[in-house]
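Q: my questions concern the predicted model and sequence given below.
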Amino acid sequence: MEWAQILVIILSVFLAIFLLLGIVLTVLLIRVTQQIKTITESAQRTASGIEGVVSNFSRFSSPAFLIRLVSKQLKRTKKQK
C-alpha cells in the first residue's frame, strides 16, 4: 500500500467520524431547542397569569376605589350613630 492510499483511508475515517458527530450534535440541538420552546411557553403562561393578578390588584388599589371604600365606611358609621 502506498502512502497516498493510507492517507485517503485516514482522511475518510476522520470524515466519517466528523459526519457522525455532526448528526449527533444536530439531533441534540433539535432536542434542546424543543426544550427551550416548552420553557418559553411555560414562562409566557406564567407571565400572563401574573399580568392578570397585577391588573386585578391595580384595579383594587386605584385611588377612586379607595375613596369609594372610605366613603362607604363613613356612610355606614353615620347610619349606625
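A: Received the coordinates, thanks.

Q: now the residue nearest to the spatial centre of the chain: how far from residue 47?
A: The centroid of the chain falls nearest to residue 40 when counting by CA atoms, centre = their mean (2.2 Å). To residue 47, residue 40 is 10 Å away according to CB to CB, to the nearest Å. Just so you know, the C-beta spots here come from the backbone N, C-alpha and C atoms, and that holds for glycine as well.

Q: could you do residue 78 as well?
A: For residue 78, the distance to residue 47 (CB to CB) stands at 45 Å.

Q: ok, residue 71 next?
A: Distance from residue 71 to residue 47, by CB to CB: 36 Å.

Q: what of residue 6?
A: Here residue 6 is placed at a distance of 60 Å from residue 47 (CB to CB).

Q: then residue 12?
A: In this view, residue 12 and residue 47 are 52 Å apart by CB to CB.

Q: with residue 31 instead?
A: Using CB to CB, residue 31 is found at 25 Å from residue 47.

Q: just residue 54 next, same as before
A: Plainly put, residue 54 is 10 Å away from residue 47 if you go by CB to CB.

Q: mean confidence score for stretch 63-76?
A: Across stretch 63-76, pLDDT averages out at 80.

Q: off-centre distance for the strand or helix carrying residue 22?
A: Residue 22 belongs to helix 3-60 when assigned by DSSP states H and E. Between the centre of helix 3-60 and the centre of its chain there are 14 Å (CA atoms, centre = their mean, to the nearest Å).
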